[in-house]
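Enquirer: Any chance you could fold what I've pasted below:
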Amino acid sequence: MKISEASKLVNIPSATLRYYEQIGLLSNVKKEHGIRNYQSEDIERINFIICMKKAGFSLEDIIKFLNLANDKNNGENKRLEMLLSQKEILLKEMKEKEETIKFIDYKIALYKSKVKNKKESENFAHV
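Expert: Okay, the predicted model is just below:
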């Protein structure tokens, strides 16, 4: 599929896909007469990149992660370390978000109560 079709499929601008090629994240996109022809493997790689970015990995870290496939001695261990480390960061962020949501819920309840009491006192004043 052409870059415009791949772009729509993965919901990423074509310029971003071209940039991923430039920096080596998408290194094997086939070209026919100079026109990119994305294959299912390319779409899988793009979805992998999207997932890793959502997990908080930088593009540089994703490149490093992918390049570790060539390290037959320690590549899998290093990849595992990267994933475990990022998971810890995500879990910490989730805990912080949960605490923030609890605080926001407390404030919502407080303001709902104030609004309700204000309406009740206004209604009582009209009696």
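Enquirer: For the rest of this, base every contact and every neighbour count on C-alpha atoms.
Expert: OK.
Enquirer: what residue ranges in the protein are flagged as low confidence?
Expert: Within the chain, the stretches with pLDDT under 70 are 125-127.
Enquirer: longest helix anywhere in it?
Expert: If you go by DSSP state H, the chain has its longest helix at helix 75-125.
Enquirer: Go ahead and measure how far it is from the middle of the chain.
Expert: 19 Å (Cα atoms, centre = their mean, to the nearest Å).
Enquirer: next one: stretch 67-80
Expert: 23 Å.
Enquirer: ditto for stretch 50-64
Expert: With Cα atoms, centre = their mean, you get 8 Å for stretch 50-64.
Enquirer: Any buried residues in that stretch, and which?
Expert: 50, 52, 57, 62-63 (16 or more other Cα atoms under 10 Å).
Enquirer: gap between Val115 and Ile108?
Expert: 10 Å (Cα to Cα, to the nearest Å).
Enquirer: Also Glu21?
Expert: 47 Å.
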